[in-house]
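A.B. asks: Mind looking at a prediction? Sequence and model below.
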Amino acid sequence: MSWVKEVSAVPPSAHASRARDIADRIAAAGFEPRVTHHADHIRIEADVSEPAPSDRWRELLSALERADRFGLDGTANGSTAWAAIQTDAPAAADTARGHGPQL
């Protein structure tokens, strides 16, 4: 039984491997990660509303730093730490390849 909630099936890739590594590290820090696959990125998130010792926060931050982007969303109902792995090329890549507007 896996602790990672996979929302959609995606073929194994370097992106999926990075996401699983981040999720494993988040779990090792004592948080419960969720992984969702989107059209242009994979998102890994965990609820972080409960108080936690500083060493767990350091481990969490170390895991999040492995992503392309990461952050913390807070609402009246709690906080969620998140990390995102970009799965498509940035828009600028098309231009660099000569497929977009040229300067």
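C.D. replies: Right, received. Where do you want to start?

A.B. asks: Going by C-alpha atoms from here, please, whenever you check contacts or count neighbours.
C.D. replies: Noted.

A.B. asks: give me every residue that touches L64.
C.D. replies: L64 makes contacts with I22, I26, F70, W82, A83, as judged by C-alpha atoms under 8 Å, 6 or more residues apart in numbering.

A.B. asks: how does it look with 6 Å?
C.D. replies: Applying C-alpha atoms under 6 Å, 6 or more residues apart in numbering, we find L64 in contact with F70, A83.

A.B. asks: Can you pull up the most central residue in the chain?
C.D. replies: In the chain, the centroid-proximal residue (C-alpha atoms, centre = their mean) is A83; its distance is 2.8 Å.

A.B. asks: Enumerate the beta-bridge partners assigned to that residue.
C.D. replies: I44, F70 (DSSP bridges).

A.B. asks: Please pull out the lowest mean pLDDT helix or strand from this protein.
C.D. replies: None of the helices or strands of the chain scores lower by mean pLDDT, DSSP states H and E than helix 91-96, at a mean of 51.

A.B. asks: quick one on the thing from earlier: my read: the residue nearest to the centre of the chain touches D68, true?
C.D. replies: No. Counting by C-alpha atoms under 6 Å, A83 does not reach D68; the two are 7.4 Å apart.
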